[in-house]
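*Asks:* here is my input; please provide its structure:
(one chain, ligands or ions: 1)
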Amino acid sequence: PCQIGNGASYRGTVSVTRTGKTCQRWDRLFPHVHDRTPHNYPSSGLEENYCRNPDGEPGVWCFTTNPLVRWERCEVPVC
Ligand SMILES: O=S(=O)(Nc1cnn(C2CCNCC2)c1)c1cc(Cl)ccc1F
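*Replies:* A predicted model of the protein is given here:
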């Protein structure tokens, strides 16, 4: 239930951003087109719409389902 370091190995199921926005599924390109897909990042656990860190951010994050906010960090405690 916590992220180690920058959360690259986090495989929990938090799927909401720190401001309460629902995460966009990683395998969808709507509302945000992106290249952080399970195909491009096969070992980053990009399942469903769970918060993850496939690309070296300081902590787990996700694209949001709010078209005005592309991506946001998620509130997952550091271990
Ligand atoms: O298609 S994207 O992946 N979309 C995107 C937008 N913001 N991000 C950030 C997500 C969190 N980590 C930093 C990039 C990714 C994308 C990647 C790059 Cl390198 C540049 C533009 C861009 F559109």
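
*Asks:* who in this structure is up against the ligand?
*Replies:* Contact residues (C-beta under 6 Å from any ligand atom) of the chain with the ligand: His34, Asp35, Arg36, Asp55, Glu57, Trp61, Arg70, Trp71. (C-beta placed from N, C-alpha, C; glycine too.)

*Asks:* can you add secondary structure and give the residues you listed back as JSON lines?
*Replies:* Compiled in JSON lines, these are given as follows (DSSP: H, G, I helix; E, B strand; the rest coil):
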{"residue": "His34", "secondary structure": "coil"}
{"residue": "Asp35", "secondary structure": "coil"}
{"residue": "Arg36", "secondary structure": "coil"}
{"residue": "Asp55", "secondary structure": "coil"}
{"residue": "Glu57", "secondary structure": "coil"}
{"residue": "Trp61", "secondary structure": "strand"}
{"residue": "Arg70", "secondary structure": "coil"}
{"residue": "Trp71", "secondary structure": "strand"}
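
*Asks:* now these: which count as buried?
*Replies:* Neighbour counting over the residues of the chain next to the ligand (16 or more other C-beta atoms under 10 Å) leaves Arg36, Trp61, Trp71 as the buried ones.

*Asks:* need the nearest residue in space to the first one, chain neighbours excluded.
*Replies:* The shortest distance from Arg36 to any non-neighbouring residue, by C-beta to C-beta, 6 or more residues apart in numbering, is to Pro54 (5.4 Å).

*Asks:* please name the residues that touch the closest residue in space to Thr22 that isn't next to it in sequence.
*Replies:* Distances taken as C-beta to C-beta, 6+ apart place Thr65 nearest to Thr22, at 4.7 Å, with adjacent residues excluded. Contact partners of Thr65, counting by C-beta atoms under 8 Å, 6 or more residues apart in numbering, are Lys21, Thr22, Cys23, Gln24, Pro31.
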